[in-house]
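Undergrad: here is my input, please return the structure:
(chains A and B)
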Protein chains: 2
Amino acid sequence: MNVVIENDKAIVNHLELKELVAKVLTSVDVPKEDAKIVADVMVSADLKGIESHGIRWLDVYLQRIKAGSVKPVTDLKVVQEKAGLLLLDAQSGLGQVAMAKGIQMGIEKAKQSGVCVVAVRNSNHFGATCYYTELATKSNMAAMVMTNGTPLMAPWGGVTPCIGTNPISFGFPSDAAPVILDMATTATARGKVFVAAQHGRQLEPGLAINKDGEPTTDPKEALEGVLLPFGGPKGYGMSLAIDIMAGILTSSNHGKNIKSLYGDLEAVQNIGHFALIVNIEDFMAVDDFMAGMQVSRKELKSSKLAKGFSQIFLPGEIEANTMKQQLQDGVILPVASWNMLQDWAKKLDIQ
Amino acid sequence: MNVVIENDKAIVNHLELKELVAKVLTSVDVPKEDAKIVADVMVSADLKGIESHGIRWLDVYLQRIKAGSVKPVTDLKVVQEKAGLLLLDAQSGLGQVAMAKGIQMGIEKAKQSGVCVVAVRNSNHFGATCYYTELATKSNMAAMVMTNGTPLMAPWGGVTPCIGTNPISFGFPSDAAPVILDMATTATARGKVFVAAQHGRQLEPGLAINKDGEPTTDPKEALEGVLLPFGGPKGYGMSLAIDIMAGILTSSNHGKNIKSLYGDLEAVQNIGHFALIVNIEDFMAVDDFMAGMQVSRKELKSSKLAKGFSQIFLPGEIEANTMKQQLQDGVILPVASWNMLQDWAKKLDIQ
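TA: Model (predicted):
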């Protein structure tokens, strides 16, 4: 596999990268088709420049598979099925496999019922949330996806971590790049704090407090402390709403009951996901929807600019541009992630 | 009707207030049952202490009904029905009537299909979004409700108002007060800026820019300018997602195409709403859900407190406490709203 190392970056072909990641996963007993899904979710994030959600997660996934807390085979079971609902049990398998398959099943049901909610229980970290909304947009569906996770955020007015960075994504097809919003309900994603720590960069103020409840811009202190919600009490409220929908409602772990992703590798996490899939065609002709999206984009893009800005972007547009570039020129990885992948490949005796 | 005036506040019995508001509405040809719904939505907000979304809206509703842009009779038409979907046309009627009836219809469908999306086109301002999620919780449903509205927010990086303050609410039944999150996607709701202007109060910094694109804390300048999204680009993304789901997807007006609620009283607004209703019983026993909610509440409430806080609240808890108090002691209204109601009652010759 060809790689160009430039300073702290490694540049590789995305197809070769996906193949290597998938090979590593199959060597720890992940079925070939599932390994392809997980590799696609991770490499897609790197392609979009979302380094925090890219192949750097592979390390902890492999550690957890080895420790037995993540099952390499995702035996996805349908717990409940109604016209507008699929409740699935991932049985401690891979979050990516559970959600990607769930979205595909939900799309078929939404074609029948107009709308389908796909809820997943007893699952694991599924990578970047935007992957699944974007997947739905490819079938002309509008989608909303959320997941809960390790308690890292304090409630508004508190300093004890009680709820996750619980991200939410909305996705809509468009005549240009799909409109994809993906955001943690903390002021920053924990993955981004890791990346800052890795690069020795300070955080912006207002993102985290240390373990004594004092504001900090040191990413290492932030990782031992608590992340702050985005938008104050609103972000807290959203994180809680997501914990309820993805966690309580699916009978998964929720709140403080979710074990740390890194802390105790042998403890199952059993988190939950919640997805809403909406069949646009049952609302209107898809062409008319696209025309509406075009009007919206043109209005936003022609806004008078604020000081310090040179362009208005739609959610997901910067990531789509980065992906286009990197599909051509190669994926840029932090060299630490590349070395981690090489180390695992060597350890698992992969050529 | 008994009223106690204290400084700039009027205190009245909530039942008498609802009756008077309903009478005013019936006198401009709103059917009696519909008038009761609209009065309940407005007075409930005042009862909760959400003055910005209470009976103060009555003035513009009446002006719009008189001008012909809001139809007093809400002829709610089913445009599309599938197992998980109800697409309704409010035909320029009252938003409160369309959404409250839509939620009731959606609850019945969710009992069959597990989940129902209720989308409403060609509607009008429906008051506080939390009213509808709370309505759903009374039937043991989890709910999410959103609406678009007059363009008042600039896209991230711009200064031209292109999208609304587009609120979103999540609601969940609980063994204590229902957990109800309701938030504008702007850093503050426009109604709250009006209230600040009415009371001659300055705004907090970071909520708005004036018409020249400069930060302002003057509510009057803010009303002529642009509101800022909450949480920066995240609030912008959420507002846009809501405009797409409630506006574009329902074939309602959206973005800059929505006419000002106050500016041109004869121009129809034809905004859209989007609601997701989830039947908890199809996921798990309701008692088990309530047990989960209790665990969550206890965890949050027992968080170590941050400096300056004396208690952790759950979303909607402060409002539920205020309501309990005011149901007993009377609703506290700004005297300006009370006078507005009295003026209309006199003008419409109501005893």
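
Undergrad: mind checking how far A:Pro173 is from B:Ser251?
TA: Taking Cβ to Cβ, to the nearest Å as the measure, A:Pro173 falls 16 Å from B:Ser251. For every residue, glycine as well, the C-beta is placed using N, CA and C.

Undergrad: what sits closest to the residue of the stretch 251-351 of chain A found nearest chain B if chain neighbours are left out?
TA: Nearest to chain B, among the residues of the stretch 251-351 of chain A, is A:Ser303, at 3.1 Å (Cβ to the nearest Cβ). With Cβ to Cβ, 6 or more residues apart in numbering or on different chains as the criterion, A:Ser303 has its nearest non-adjacent residue at 3.1 Å, and that residue is B:Gly158.

Undergrad: next one: A:Ser260
TA: Nearest residue to A:Ser260, sequence neighbours excluded (Cβ to Cβ, 6+ apart): A:Thr150, at 5.3 Å.

Undergrad: just the pLDDT at the residue of the stretch 251-351 of chain A closest to chain B, thanks.
TA: Among the per-residue scores, A:Ser303 holds a pLDDT of 94.

Undergrad: tally of neighbours for it?
TA: Per other Cβ atoms under 10 Å in any protein chain shown, the neighbour tally for A:Ser303 reads 21.

Undergrad: any idea how far it is from B:Pro155?
TA: Distance from A:Ser303 to B:Pro155, by Cβ to Cβ: 5 Å.

Undergrad: identify the contacts common to the two.
TA: Counting by Cβ atoms under 8 Å, 6 or more residues apart in numbering or on different chains, the contacts common to A:Ser303 and B:Pro155 are A:312, B:162.

Undergrad: and A:Ser92, how far from chain B?
TA: Distance, A:Ser92 to chain B, using Cβ to the nearest Cβ, to the nearest Å: 19 Å.

Undergrad: now A:Gly247
TA: From A:Gly247 to chain B the distance is 8 Å (Cβ to the nearest Cβ).

Undergrad: now the helices for the stretch 101-250 of chain A?
TA: Ranges of helices in the stretch 101-250 of chain A, per DSSP state H, counting those that start in this stretch, are A:130-137, A:190-199, A:219-224, A:233-242.

Undergrad: hang on, the earlier thing: my read: the residue nearest to A:Ser303 touches A:Phe309, true?
TA: Yes - the criterion here is Cβ atoms under 8 Å, and B:Gly158 meets it with A:Phe309 at 7.2 Å.

Undergrad: those two: who's more crowded?
TA: B:Gly158 (22 against 14).

Undergrad: who does that one form a beta bridge with?
TA: A:Leu305 (DSSP bridges).

Undergrad: quick one: contacts for it?
TA: Contacts of B:Gly158 by Cβ under 8 Å, 6+ apart are A:300, A:303-306, A:309, A:312.

Undergrad: now do the strands in chain A.
TA: A:3-6, A:9-12, A:77-82, A:85-89, A:115-123, A:141-147, A:168-172, A:179-183, A:208-209, A:215-216, A:226-227, A:271-279, A:331-334 (DSSP state E).

Undergrad: run a quick neighbour tally on A:Val73.
TA: Applying other Cβ under 10 Å, I find that A:Val73 has 13 neighbouring residues.

Undergrad: doesn't A:Gly93 make contact with it?
TA: Yes - counting by Cβ under 8 Å, A:Val73 does reach A:Gly93; the two are 6.5 Å apart.

Undergrad: centroid residue for chain A?
TA: Centroid-nearest residue in chain A: A:Ala128, 1.6 Å away (criterion: Cα atoms, centre = their mean).

Undergrad: now do that residue against A:Ser92, distance only.
TA: 21 Å.

Undergrad: for chain A, where's the lowest mean pLDDT among helices and strands?
TA: helix A:190-199 (a mean of 88; mean pLDDT, DSSP states H and E).

Undergrad: sorry, back to before: out of the helices of the stretch 101-250 of chain A, which gets nearest to B:Leu86?
TA: Closest to B:Leu86 of the helices of the stretch 101-250 of chain A, according to Cβ to Cβ: helix A:130-137, at 20.9 Å.

Undergrad: so for the closest one, mean pLDDT?
TA: 98.

Undergrad: which helices and strands does it pack with?
TA: Helices and strands touching helix A:130-137, as assessed by 3 or more Cβ pairs under 8 Å, 6 or more residues apart in numbering or on different chains; DSSP states H and E, comprise helix A:32-47, helix A:95-113, strand A:141-147, strand A:168-172, strand A:179-183, strand A:271-279.

Undergrad: go again using 10 Å as the cut-off
TA: When contacts are defined as 3 or more Cβ pairs under 10 Å, 6 or more residues apart in numbering or on different chains; DSSP states H and E, helix A:130-137 sits against helix A:32-47, helix A:95-113, strand A:141-147, strand A:168-172, strand A:179-183, strand A:271-279, helix A:317-329.

Undergrad: my guess is A:Phe230 contacts B:Gly237. True?
TA: No - in this structure, A:Phe230 is not within contact of B:Gly237 by Cβ atoms under 10 Å, at 11.1 Å.

Undergrad: joint contacts of these two?
TA: Counting by Cβ atoms under 10 Å, 6 or more residues apart in numbering or on different chains, the contacts common to A:Phe230 and B:Gly237 are A:183, B:231.

Undergrad: not counting sequence-adjacent ones, nearest residue to A:Asn7?
TA: Among residues not flanking A:Asn7 along the chain, A:Val335 sits closest, at 7.9 Å (Cβ to Cβ, 6+ apart).

Undergrad: look up the closest residue to A:Ser44, ignoring the ones flanking it.
TA: That would be A:Tyr131: by Cβ to Cβ, 6+ apart, it lies 5.8 Å from A:Ser44.

Undergrad: residue contacts, that neighbour?
TA: A:37, A:40-42, A:44-45, A:48, A:50, A:53, A:96, A:99-100, A:103, A:145, A:169, A:171, A:180, A:182.

Undergrad: and A:Lys301, by the same measure?
TA: A:Lys301 neighbours (Cβ under 10 Å, 6+ apart): A:176, A:311-314, A:317, B:155, B:158, B:162.

Undergrad: for ChimeraX, what selects the buried ones among those residues?
TA: Only the buried entries of these go into this ChimeraX selection, using 16 or more other Cβ atoms under 10 Å in any protein chain shown:
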select /A:312,313,314,317 /B:155,158,162
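
Undergrad: and A:Pro205, how many neighbours does it have?
TA: Quick note: A:Pro205 (other Cβ under 10 Å) scores 10 neighbours.

Undergrad: count the residues that sit near the closest residue to it other than its chain neighbours.
TA: With sequence-adjacent residues excluded and distances taken as Cβ to Cβ, 6+ apart, A:Pro205 is closest to A:Thr217, at 5.7 Å. When neighbours are counted by other Cβ under 10 Å, A:Thr217 registers 15.

Undergrad: kindly report the same for A:Glu266.
TA: Residue neighbour count, defined by other Cβ under 10 Å, stands at 11 for A:Glu266.

Undergrad: with A:Lys298 instead?
TA: Neighbours of A:Lys298 (other Cβ under 10 Å): 11.

Undergrad: contact partners for it?
TA: Counting by Cβ under 10 Å, 6+ apart, A:Lys298 has contacts B:255-256.

Undergrad: from B:Met1, how far off is it?
TA: 52 Å.

Undergrad: contacting residues around the residue nearest to A:Asn7?
TA: For A:Val335, the contact set (Cβ under 10 Å, 6+ apart) comprises A:3, A:5-10.

Undergrad: drop anything exposed from these.
TA: For the contacts of A:Val335, buried by 16+ other Cβ under 10 Å: A:Ala10.

Undergrad: how many other residues sit next to the nearest residue to A:Gly84 once chain neighbours are set aside?
TA: Nearest residue to A:Gly84, sequence neighbours excluded (Cβ to Cβ, 6+ apart): B:Gly84, at 3.0 Å. Close neighbours of B:Gly84, defined as other Cβ under 10 Å, add up to 33.
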